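*Asks:* attaching a predicted model along with its sequence, questions to come.
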Amino acid sequence: MKDIFLSNHFIYGGDYNPEQWLDQPDILKKDITLMKKAGINTVTLGVFSWSVLEPQENEFHFEWLQEIIDSLYCHDIRVILATPSGSRPRWLAEKYPEVLRVQENRMRYLYGERHNHCYTSPAYRERVRIINQKLAENFKNHPAVIMWHISNEYRDECHCPLCQNAFRNWLKSKYQSIDKLNHAWWTTFWSHTYNSFDQIESPSFIGDKGLHGLSLDWKRFVTDQTTDFMCCEIKALRDAGATQPAVVNFMDDYTGLNYYRLAEHVEYISWDSYPAWHQQPDIQTAYDTAMQHDLMRSMKQKPFFLMESCPASPNWMNISKIKKPGLLSNASLQAIAHGSCSVQFFQIRQSRGGFEKFHGAVIDHYGEADTRVFREVSELGKALKQIKEITNTRVHATAAIIYDMESRWAMENAKGPRNEGLYYHEAALKSYRGLRENGLNTDIINMDQSLEQYQIIAAPMLYMFRNGFEKKLKKFVEHGGILIMTYWSGIVDETDLCFLGGTPHGLMDVLGLRSEEIDSLCDHEVNHLLPFTGNPMNMKNSYSCKHLCDLVRLKDAEPLMVYGDNFYKGYPALTRHKYGKGIAYYVCADAEMNFYHDLYNRIITENQLQQIMTDIPDGIEVSSRSGEKYEYLFIQNYTDHKISIRIPKNTEILWGSYDGGVCGYSTVICRKKIKEI
Amino acid sequence: MKDIFLSNHFIYGGDYNPEQWLDQPDILKKDITLMKKAGINTVTLGVFSWSVLEPQENEFHFEWLQEIIDSLYCHDIRVILATPSGSRPRWLAEKYPEVLRVQENRMRYLYGERHNHCYTSPAYRERVRIINQKLAENFKNHPAVIMWHISNEYRDECHCPLCQNAFRNWLKSKYQSIDKLNHAWWTTFWSHTYNSFDQIESPSFIGDKGLHGLSLDWKRFVTDQTTDFMCCEIKALRDAGATQPAVVNFMDDYTGLNYYRLAEHVEYISWDSYPAWHQQPDIQTAYDTAMQHDLMRSMKQKPFFLMESCPASPNWMNISKIKKPGLLSNASLQAIAHGSCSVQFFQIRQSRGGFEKFHGAVIDHYGEADTRVFREVSELGKALKQIKEITNTRVHATAAIIYDMESRWAMENAKGPRNEGLYYHEAALKSYRGLRENGLNTDIINMDQSLEQYQIIAAPMLYMFRNGFEKKLKKFVEHGGILIMTYWSGIVDETDLCFLGGTPHGLMDVLGLRSEEIDSLCDHEVNHLLPFTGNPMNMKNSYSCKHLCDLVRLKDAEPLMVYGDNFYKGYPALTRHKYGKGIAYYVCADAEMNFYHDLYNRIITENQLQQIMTDIPDGIEVSSRSGEKYEYLFIQNYTDHKISIRIPKNTEILWGSYDGGVCGYSTVICRKKIKEI
Amino acid sequence: MKDIFLSNHFIYGGDYNPEQWLDQPDILKKDITLMKKAGINTVTLGVFSWSVLEPQENEFHFEWLQEIIDSLYCHDIRVILATPSGSRPRWLAEKYPEVLRVQENRMRYLYGERHNHCYTSPAYRERVRIINQKLAENFKNHPAVIMWHISNEYRDECHCPLCQNAFRNWLKSKYQSIDKLNHAWWTTFWSHTYNSFDQIESPSFIGDKGLHGLSLDWKRFVTDQTTDFMCCEIKALRDAGATQPAVVNFMDDYTGLNYYRLAEHVEYISWDSYPAWHQQPDIQTAYDTAMQHDLMRSMKQKPFFLMESCPASPNWMNISKIKKPGLLSNASLQAIAHGSCSVQFFQIRQSRGGFEKFHGAVIDHYGEADTRVFREVSELGKALKQIKEITNTRVHATAAIIYDMESRWAMENAKGPRNEGLYYHEAALKSYRGLRENGLNTDIINMDQSLEQYQIIAAPMLYMFRNGFEKKLKKFVEHGGILIMTYWSGIVDETDLCFLGGTPHGLMDVLGLRSEEIDSLCDHEVNHLLPFTGNPMNMKNSYSCKHLCDLVRLKDAEPLMVYGDNFYKGYPALTRHKYGKGIAYYVCADAEMNFYHDLYNRIITENQLQQIMTDIPDGIEVSSRSGEKYEYLFIQNYTDHKISIRIPKNTEILWGSYDGGVCGYSTVICRKKIKEI
């Protein structure tokens, strides 16, 4: 069922909370009229409905939901139905206090806000099982219900006794003996040796916060426990006979969980995208958001859902800026361009009260269609119908960035070499943008994924090498791959123990060098990268660099650029080393964006890599999806002025207005026949 | 008794703490000599004396106080006697731990500092009742004691079980049923529905902080509970037969309580004024302080007391700047100018130890009269005698600002549209200054007060409309009033639920427009207001605006100015609409001060409103009080250079030096016969 | 034994943690080879070894330690053996929870980090006694063990019931009666009177934080309790028959303890020096570090140990900057120059895991000798052998700075006149640098030390006068001494009660003036000091000043400089007064560094004080040690360029390269025969 639905339309809709308006049937009726007017075909129900579905323990009220789903279905609107665990009723916390989380300081929270439940609590798991099962029993066969939305934005952690105990068992199962744990965590330092698993406490600012192995394993445990909780949620649905696919919604660059582990257990993933538009050049925000889209796509190497986005402006940012005309369309089509099969909003109708009463909505408090936001939403609804042939296409990437959560956890938790900012995300983004600006579709993968389909891989700040990842990279280069590695890579193993014998561990021969020291710069300081005279890559410009400067000792790598300042002026700053059939580059310092743009330009040119488009002007993002017959190019202008751009030959405009240029805040979609090989 | 005293003198004095020096009678004696030298006629006693008055439970020592009051009276110095509840003794907390407050995190405070007592605690109320009654019994007939100073600077809140319970009862009484509460607080959002009043907990960062209806009602409860506590204090005095008036002292722009509720139950209000002079242009500080004076006067529409101010510099600010010569006199006379019947200091004699040992005093640690501060205090004492004919006059205002605490609570607690600063106080101050600079005495009133006596009303950022306030405003305009309303007004009702159907709620016809979207600017961003070509108000200049920009859809309002930047360049930014016999202006954005100066200038000119003075130069503040025969003008220079200024005809100098100009940091008081009508 | 060892060598080595590598004997073996290569002659063992020495209660394992000490001794490497109390095992906290500290908020910490043990706990004291005694029994006669390192960096405080009780007893013993305490703490203010000692609670942000007398006595108690704990540690060693000297290691400018009290009970003191090089001009960092060296030397007026320093960069600073070539040598020889008998590192071998795994080490994770750091460490090892004749010399100082911890505690805890920075350390450093730049070796002493050996004494911001210190200073001047006193001096007595009758207390006749008011400036504000026309000191330049400006009333002092701005323009800003055989200067404001340089230059010239060198160029620090025959001058360049400097006549170069100039980041040591008198 699902696939038929998905392959014919882009899903268009968003979160809808009719339970807030049950006493005003006129409003519910008007909502459907307005949804149809806007071209909405799917809504997400039930995300925060628990207290209405089950107002007292074991007293269930599903009639209202049945009625609304029926009514939506009558109007050909489909439903994504949520399990309500993201926000539980008060009676549950009152009756089972164990469901309330305990803070790092070991004090229990009161009932309140959302996401404040212990994932370990048997009581909570049981109540979730029951409500999920009931939901499934009621709606598993409803033709409107196309998908299960599992909870909402899983996040954060709990330090209660139940979690402590589960953590101890998790560790026992991982390490078997306390001696192995002691070695892995290097507890002899500061005399922190454990005598037994019973002494273990989760990391806390009132206890151990500097025992990095503990912190790292705790984060792994939190992910595993959350995943286990999610699996229980899904099992309840399946046990009740529901067969619709399950989807989970993730957040932007969220570091509290390793999403890869959750992604394994659902049919689809989705994410909630709330970029802070108009607070820096929008093209920068666009690339940052694009990287998240690509991460979501790469995680399961399949289409994802844009589960939430804001039609106007969210209310919880420091500054709620309204979107400039055209941006809503650009941002929504960008998701499609990067592999989404939906455009969904939080929210269809604005809440009258509570925390998010000023969060933007398709239908606001005014409640009519004659608003700028509603007009733009409606235009987008039309556009999605006009481009529906793209539904069955996929993004094909030849480049990948290694962007690894466990490595990030370990690196950002470590002390040194820079405790006021390592800029990992920024480093990945600079490589990503460098590749994208030069016309390569790019995947964002982690260390466990396959490297085989890529021609070029960037591994910025890959602090941890896990499961012999260095061997995988080595093989990649040997077989002809192009590797770009940077400073602060290959430092620790999977338990955060430093590699002995030199770094980047296991790749010193591949890179032709050894990292000897790393210098840290204050926020206001810069160094420079200057071209090394006669460098074979013909690097010509100078660039600034900040934050971290790696001092390497070359073995047989060639210097391409050198430092311009400090006592290490003249030391290598960018090197190249041919290894096997491939090439390995090493970037020593946190260089400015222009450097990455030029570096990838040279690498791509030298190695004659296939680009989806060339000469992409600044301010424009280009990405592509390919089907059996056509490659579809999305050309998006993120400035407020028109930009001239040359479209590849034999390309026809599918959507949008093109006259040798693309207007400010607008998108052109064109298609090009794929050559038969 | 009181009125005779008050009508003949300005009260001059301050807090005096002889209990710290009981072992040094020579010091006590010298204090009186120095007070007389300085012209002091009244001191406030007993504010922190509880531990000396009742060193152990039920062991009372009033002799020392009797002796000091007698001695002061002998020297013709009157006494304002405080109830000592602001700072309780240790034995009380030791014996009745329930008197200690509980923090928002539900942990009880230890004994310490001040203002750390539960207002609900029956034990505390009982001990306060006893000590107050004893004080009254002892001093109700003393001729020196002219007033009761109730506690000190009531403030803050307690989250103990007793308070939780009282809060639940308060809510029961307000809402009657839990369903009504659920609707008012819109608890269906996030599934926060209450099943019973017993589930209610005060707002907490470890529980509910984003349930805005809860937060708003909690603040109302805290005010009501504090008011109830204050009433119990006063009742104890009255029950014991004391008949002197009661006064309570408020703080500068304090947002923890709705002072209006407390003001209802006392004969006089007063405030403690500690402006941060010399940290911005002093004229700005002067207007800010003036607005507080006017707020205090308007609250009961009668004279108030300047209960505390610092003769030198307070010690608890980040930076303790000493006052430039002349400023002490200016700041003190400003209070008089705005309707105070006193100038009082904290403190007469500086403490030798403790938290405020470096807080400025009339008599400092050095202890002699040959200091700059003592000299200026003495000169001021003389001045107050010289202008005592002003005692029986009042301030008459034709303008008012609506400045409403409940609206402010709701607005500042809400999420969106700008969570890093809405600048409500600043917006009110800009309107206030605009009116004052153009020579209008101005009241600062809330939504519950009468509008009848005003010709012009500014309602900046009036987020909440309570009790049909929109109808009151509508009637005001219909009957010929001039209304200046701004962005972010009429958004929610009294339980913080958003109005449906368009905003400003109920005034769209009066204003001739509807607000459609509101844009939020980053701190560094500006937009501009440009004159709309041919606007009938002849607005000519351009102005910058910041923070918030309202995008309105005009119905029949006239645009006077338009935006200069962003995609809404050319959209209306200032509008005018004639309605009934009046006019309603709408200011769309947070414009700079100059805009308000010019806007009010035009409005006043167009409508021929009566000004107390015209052409007031920058750096000078002018205000007036009127009696039966004379209007008294206070002309105060808040710069360090002389400023030329023309005084109205037929005006004679009562005090100060005038030769066509007013010297730096000095005041000229003149009087003008009031024309017989 | 010790003295023979110390007089023949500089100790060279550092912390070594072989217990982390017991399963890798090859590494332990290689370590010794590398130590010998680097010239290391002493290592510190056992600092964090408790969990290996006593892995379960009463199960002791000393064999491994014995073996390592034997092995080191075989290679002629000596051992400083630590008591392990700085970091206790988990079993100890598990079995005796009382050993865990309680936070200021009265919640107990979990086990974790270091320095988290109650100094009062009888259980902890007993376990420490046992392990110390066992260590002493085992190693008291080992010829390698030359010294006992007592615990590690004592610090911080505990608020547990045991400590509360000990504090109450400490107060009882100090004050005898609660009345005396009430008077000393001036508790009548805010009605804080204590009825009994049992009501006392340590200062807390949830209780009393503004009762300054309480806070001051609490800090004294914490020092006394820590000292008592340390004495118990030493007693355990002595009781077991150990006779080697004891050393304790202090931290840089640590304000949590009054180190003077601990210093009384050990044979040697030492400190751990981690300056933040390359984050400001290095010469400034050098003077700051030099002041600490001089403080450590002056505390016991004898040689001290540089117990820890980093051969590369520490990992726990915000920014880990690597040292420029030459700086390691400069910084290490600077310690020697100022009186150290050692250069020691934390650490010999870098840890593989844990909090400090990236803290620099002699042997890093790479593990070989071909690194820049190892090379520089080895060169320094050679240097220390080449200059070993300096071992038996001492620093002789004719100048002193009064730098008093109790005064600082009281001053920095007080409210006013400036709560966002008083800059006490900076004020002391400016005087220190002024003296040093003009060629005077300088001691850093507290109020209790003798003044007799000095010609010139600076007393910057000496807020508290304790034990009649004003009389000592008066006598110093009477007998011919030169005193430089500043603003904010002589304000309170030893219980933080303000002096009555004028300040600086007891010295108004010596200084010829009285302080009347003190103005506080915002961070961005400046005032100026201008020469007073015809001033007898011939002060010629103008200087800026910040933060605090004292307004004084002169009696018979001569003004040398006056203020340039604000209403006190023309008021005295620097004064001089001859008194007895001496002279007393008063600096009214926090002037810039140049002022102090010039002021001390004039004073030294006028009074013909003996300088160790004249005309010291900026960027160079010069200091000296003297033996029986020679005075040794250390000339250190803290810039990266060569600086010309004239060396005194009859001086020969002992170490380093001199050709009329000193190279960037390098040191020249020369010697000059001491004239026979």
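*Replies:* That came through, no problem.
*Asks:* where does pLDDT dip in chain A?
*Replies:* Residue ranges of chain A with pLDDT under 70: A:1-7, A:676-677.
*Asks:* what domains does the record give for it?
*Replies:* Following automatic domain parsing, one finds the domains of chain A at A:2-157+A:244-378, A:399-607, A:620-673.
*Asks:* can I get the ones you listed in a markdown table including mean neighbour count and distance to C:His278?
*Replies:* From N, CA and C alone the C-beta is placed, and that goes for glycine too. Converted to a markdown table, these look like this (neighbours: other C-beta atoms under 10 Å in any protein chain shown; distance: least, C-beta to C-beta, whole Å):
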| stretch | mean neighbour count | distance to C:His278 |
| --- | --- | --- |
| domain A:2-157+A:244-378 | 20 | 31 |
| domain A:399-607 | 21 | 9 |
| domain A:620-673 | 18 | 40 |
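*Asks:* closest one to chain B among those domains?
*Replies:* domain A:2-157+A:244-378 (2.6 Å; C-beta to the nearest C-beta).
*Asks:* tell me the gap between stretch A:127-138 and the middle of its chain.
*Replies:* 29 Å (C-alpha atoms, centre = their mean, to the nearest Å).
*Asks:* pretty sure A:Asn650 contacts A:Lys673?
*Replies:* Yes. Counting by C-beta atoms under 8 Å, A:Asn650 does reach A:Lys673; the two are 6.6 Å apart.
*Asks:* Throw the domains of chain A into CSV and include distance to chain C, thanks.
*Replies:* Output for those, formatted as CSV (distance: least, C-beta to the nearest C-beta, whole Å):
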stretch, distance to chain C
domain A:2-157+A:244-378, 7
domain A:399-607, 3
domain A:620-673, 34
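*Asks:* how about those in JSON lines, adding distance to C:Gly213?
*Replies:* Putting the domains of chain A into JSON lines (distance: least, C-beta to C-beta, whole Å) gives the following:
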{"stretch": "domain A:2-157+A:244-378", "distance to C:Gly213": "31"}
{"stretch": "domain A:399-607", "distance to C:Gly213": "38"}
{"stretch": "domain A:620-673", "distance to C:Gly213": "63"}
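*Asks:* who's in contact with the residue lying closest to A:Glu494 once chain neighbours are set aside?
*Replies:* Leaving aside its sequence neighbours, A:Glu494 sits nearest to A:Arg466 (C-beta to C-beta, 6 or more residues apart in numbering or on different chains; 4.3 Å). For A:Arg466, the contact set (C-beta atoms under 8 Å, 6 or more residues apart in numbering or on different chains) comprises A:404, A:406-407, A:447-448, A:493-494.
*Asks:* in a helix, A:Arg466, correct?
*Replies:* No. With DSSP: H, G, I helix; E, B strand; the rest coil as the criterion, A:Arg466 is assigned coil and is not in a helix.
*Asks:* give me the distance between it and B:Phe469.
*Replies:* Taking C-beta to C-beta, to the nearest Å as the measure, A:Arg466 falls 64 Å from B:Phe469.
*Asks:* and for A:Thr391?
*Replies:* Using C-beta to C-beta, A:Thr391 is found at 53 Å from B:Phe469.
*Asks:* could you do A:Ile146 as well?
*Replies:* Going from A:Ile146 to B:Phe469 by C-beta to C-beta gives 48 Å.
*Asks:* then A:Tyr600?
*Replies:* From A:Tyr600 across to B:Phe469, the span is 62 Å (C-beta to C-beta).
*Asks:* again, but for A:Phe197
*Replies:* Distance, A:Phe197 to B:Phe469, by C-beta to C-beta: 64 Å.
*Asks:* got it, and A:Lys172?
*Replies:* 65 Å.
*Asks:* where does A:Asp640 fall, helix, sheet strand or coil?
*Replies:* A:Asp640 ends up coil, using three-state DSSP.
*Asks:* quick check, it in contact with A:Tyr665.
*Replies:* Yes. With contact defined as C-beta under 8 Å, A:Asp640 counts as touching A:Tyr665 (6.1 Å).
*Asks:* which residues are common contacts for the two?
*Replies:* A:Lys324.
*Asks:* for A:Phe189, which non-adjacent residue is closest in space?
*Replies:* Closest to A:Phe189 by C-beta to C-beta, 6+ apart is C:Gly354, at 3.5 Å.
*Asks:* same check on A:Ala184?
*Replies:* Spatial nearest neighbour of A:Ala184, chain neighbours left out: A:Thr495 (4.0 Å); criterion: C-beta to C-beta, 6+ apart.
*Asks:* now A:Ile647
*Replies:* Distance criterion C-beta to C-beta, 6+ apart; nearest residue to A:Ile647, sequence neighbours excluded, is A:Cys670 at 6.0 Å.
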